[in-house]
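> here are the coordinates; sequence isn't available:
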């Protein structure tokens, strides 16, 4: 992957747009006619907030003064290309007084005048970087493909504007919703989109298949399956594909597919907002977890980023716990030492080994450390990213007491659906399996005998084919290094890892060294 030449995060926002992008209208101050579109209860707040505006074929797109002009121009690009074959839909939106707003990269959803009184702002601001409806909103960081975008592998703009198209079609065509509902029901009856966001309801189904049609849907995570592009949609859901194609009516000369303004994820200098020690000069964003380094190569940081994304693809709730604690992962350069790192200066305790090039998660440092040579290692070494996170799942997350109200919560994030919270009951299960394995004489001659944490970690490494050169148990002909060997040797541990990491029923992943797999 190319080295990133950006010197500051701000440059990511002002970089040249795609060469094929036609000239967009000039950004101006909002005209009085725009403020007349805003609901009266929000009008005064809007006057004090919105300072930038652009005309999108009759629809105002507005933002506060801190938002980069190019975010408004990118909005113009997306909207005009999506509806190039349907000027009647744009016209209907204009008649309904629709307008678009851009949430600044450092703003939250409820900073917008129209959303300032929305209930449960903490929940909304954690989840939402844009919504359909009136007004329709998009996040600046997503529009401009910024490295700090938590939705960096999908277009929130296309998704939310698809919702607005849906509501507009409902006003234009009395049969639209029944047609959409019928197509949605066919997909559900065929078992498509199982456990994916597209299965939530007909409205989300529509927005998700529109994203795929324009090549910008996220794939293979806690609420997405493998359908991210037009061709994949056509094969997987031909009825949904035809519905989208017939609605947008794009001619060959109008065809458009979403493209990112720069490759993501990438490596940049640490953004100031994260408060990262200036010792670190490199930063990449792994599903909101900072991965940092100084002497390590960009390739090593990006491989670490990719590994974290894959490991927690279906268990973002676990990763989110570390993120909320302020955790980060450091990739140690080949010529660097752990003692060089600012988090470990002055630490003197029997659990800290300054000569080790791997450091497990500690509550006082909130830092994982792995070595560059391991991140890009050959198959003779355990993959330490998986190892340090596996140990932290057992040693840190499993310290949490059982929350008796967990299953009855009102506000549940998408990544918390269909998974079991890690708490002391998880530790009890690991401990029980470990004791049973020892009683049966299993794992003798391996590192797994040293305790439940080592036992669990060996299971995670084997499950993802990430175990390196290791000894064979005395009662097994070969080392346990693969998922299949784990299932054959210790079915209970295999089943617990399967349940915990939640890969069953999804696109699989096995670790491969030195490449983003």
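That came in fine, so what should we check first? The structure presented is a predicted model; accordingly, all values stated were derived computationally and were not measured. Residues are numbered from 1 along each chain as shown.

> Roughly how far does the nearest residue to residue 201 once chain neighbours are set aside sit from residue 192?
Distances taken as Cβ to Cβ, 6 or more residues apart in numbering place residue 184 nearest to residue 201, at 7.7 Å, with adjacent residues excluded. Where C-beta positions appear, they are placed from N, C-alpha and C, glycine not excepted. From residue 184 across to residue 192, the span is 10 Å (Cβ to Cβ, to the nearest Å).

> Could you do residue 82 as well?
Per Cβ to Cβ, residue 82 is found 23 Å from residue 192.

> for residue 296, same thing?
Going from residue 296 to residue 192 by Cβ to Cβ gives 42 Å.

> So which of those two has more stuff around it?
Using other Cβ atoms under 10 Å, the more surrounded residue of residue 296 and residue 192 is residue 296, with 28 against 19.

> which ones are touching the more buried one?
282, 331, 332, 333, 334, 336, 372, 375 (Cβ atoms under 8 Å, 6 or more residues apart in numbering).

> pretty sure it is in a strand, no?
No - counting by DSSP: H, G, I helix; E, B strand; the rest coil, residue 296 is not found in a strand; it is coil.

> just the strands in this structure please.
Shown for the chain, the strands assigned by DSSP state E span residues 52-56, 59-63, 100-103, 136-139, 282-286, 289-293, 328-332, 367-371.

> Just put the ones you listed in JSON lines and tack on mean neighbour count, mean pLDDT and distance to residue 115.
What follows is those, written out as JSON lines (neighbours: other Cβ atoms under 10 Å; pLDDT from 0 to 100; distance: least, Cβ to Cβ, whole Å):
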{"stretch": "strand 52-56", "mean neighbour count": "21", "mean pLDDT": "98", "distance to residue 115": "18"}
{"stretch": "strand 59-63", "mean neighbour count": "26", "mean pLDDT": "98", "distance to residue 115": "14"}
{"stretch": "strand 100-103", "mean neighbour count": "28", "mean pLDDT": "98", "distance to residue 115": "9"}
{"stretch": "strand 136-139", "mean neighbour count": "25", "mean pLDDT": "96", "distance to residue 115": "8"}
{"stretch": "strand 282-286", "mean neighbour count": "23", "mean pLDDT": "99", "distance to residue 115": "25"}
{"stretch": "strand 289-293", "mean neighbour count": "24", "mean pLDDT": "99", "distance to residue 115": "27"}
{"stretch": "strand 328-332", "mean neighbour count": "26", "mean pLDDT": "98", "distance to residue 115": "31"}
{"stretch": "strand 367-371", "mean neighbour count": "24", "mean pLDDT": "97", "distance to residue 115": "36"}
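
> Minimum distance to residue 37: which of those has it?
With respect to residue 37, and counting by Cβ to Cβ, the nearest of the strands of the chain is strand 59-63 at 6.9 Å.

> re earlier: and residue 170, which of the strands of the chain is closest to it?
Nearest of the strands of the chain to residue 170, taken as Cβ to Cβ: strand 136-139 at 14.8 Å.

> distance between that closest one and the chain's centre?
On the basis of Cα atoms, centre = their mean, to the nearest Å, strand 136-139 sits 18 Å off its chain's mean C-alpha point.

> ok, and what's touching it?
Contact partners of strand 136-139, identified using Cβ under 8 Å, 6+ apart, comprise 71, 75, 98-103, 105, 109, 112, 115, 129-131, 149, 151, 156-157, 160-161, 163-164.

> still on that earlier bit, list the contacts of the residue nearest to residue 201.
Taking Cβ under 8 Å, 6+ apart, we find residue 184 in contact with 201, 202, 205, 206.

> Please parse this protein into its domains.
Here the domain parsing of the chain from automatic domain parsing is 23-157, 173-259, 272-382.

> how about the ones you listed in JSON lines, adding distance to residue 436?
Listed next are those as JSON lines, based on distance: least, Cβ to Cβ, whole Å:
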{"stretch": "domain 23-157", "distance to residue 436": "40"}
{"stretch": "domain 173-259", "distance to residue 436": "31"}
{"stretch": "domain 272-382", "distance to residue 436": "24"}
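
> looking at those, which is closest to residue 473?
Nearest to residue 473, of all these, is domain 272-382, at 16.1 Å by Cβ to Cβ.

> Quick check: buried residues in stretch 397-410?
Buried residues in stretch 397-410, counted by 16 or more other Cβ atoms under 10 Å: 397, 398.

> Contacts for it, please.
Stretch 397-410 is contacted by residues 318, 321, 421, 422, 423, 424, 425, 426, 427, 430 when judged by Cβ under 8 Å, 6+ apart.

> still on that earlier bit, and the residue nearest to residue 201, how far from residue 167?
Residue 184 is 16 Å from residue 167, by Cβ to Cβ.

> in this structure, what secondary structure element scores lowest on mean pLDDT?
Every helix and strand in the chain was compared by mean pLDDT, DSSP states H and E; the lowest is helix 9-14, with a mean of 38.

> Distance check, residue 180 against residue 136.
As judged by Cβ to Cβ, residue 180 and residue 136 stand 18 Å apart.

> Ok, residue 31 next?
Counting by Cβ to Cβ, the gap from residue 31 to residue 136 is 19 Å.

> for the residue lying closest to residue 30 once chain neighbours are set aside, what are its contacts?
Leaving aside its sequence neighbours, residue 30 sits nearest to residue 53 (Cβ to Cβ, 6+ apart; 4.0 Å). Listed by Cβ under 8 Å, 6+ apart, the contact set of residue 53 reads 27, 28, 29, 30, 31, 34, 60, 61, 62, 63, 72.

> Who does residue 53 form a beta bridge with?
Note on residue 53: beta-bridge partners residue 28, residue 62, judged by DSSP bridges.

> pLDDT below threshold where in this structure?
For the chain, the stretches flagged by pLDDT under 70 are 1-22, 378, 514-517.

> at 50 instead, please
Applying pLDDT under 50 to the chain picks out residues 1-21.

> What are the neighbouring residues in contact with the spatially most central residue of it?
Geometric centre of the chain, nearest residue: residue 287, 4.5 Å, by Cα atoms, centre = their mean. Contacts of residue 287 were listed using Cβ under 8 Å, 6+ apart, and they are 150, 308, 309, 312, 316, 319.

> Make sure the last one is actually in contact with residue 310.
No - because the distance of 11.4 Å does not satisfy Cβ atoms under 8 Å, residue 319 is recorded as not touching residue 310.

> overlap in contacts of these two?
Common neighbours of residue 319 and residue 310 (Cβ under 8 Å, 6+ apart) do not exist.

> all helices of the stretch 351-500 of the chain, in order?
In the stretch 351-500 of the chain, the helices defined using DSSP state H, counting those that start in this stretch lie at 372-375, 384-395, 424-439, 452-463, 483-489, 491-501.

> tell me the angle the last one makes with helix 384-395.
Think helix 491-501. Orientation of helix 491-501 against helix 384-395 (axes from the mean of the first three to the mean of the last three Cα atoms, to 10 degrees) gives an angle of 90 degrees.

> can you list the residues that contact helix 491-501?
Helix 491-501 is contacted from outside by 311, 314-315, 393, 420, 422, 426, 429-430, 433, 436-437, 455-456, 459-460, 463, 483, 486-487, 504, using Cβ under 8 Å, 6+ apart.

> re earlier: for the contacts of residue 53, give me a markdown table that also has distance to residue 292.
Listed next are the contacts of residue 53 as a markdown table, based on distance: Cβ to Cβ, whole Å:
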| residue | distance to residue 292 |
| --- | --- |
| 27 | 35 |
| 28 | 40 |
| 29 | 40 |
| 30 | 40 |
| 31 | 45 |
| 34 | 42 |
| 60 | 40 |
| 61 | 35 |
| 62 | 36 |
| 63 | 31 |
| 72 | 32 |
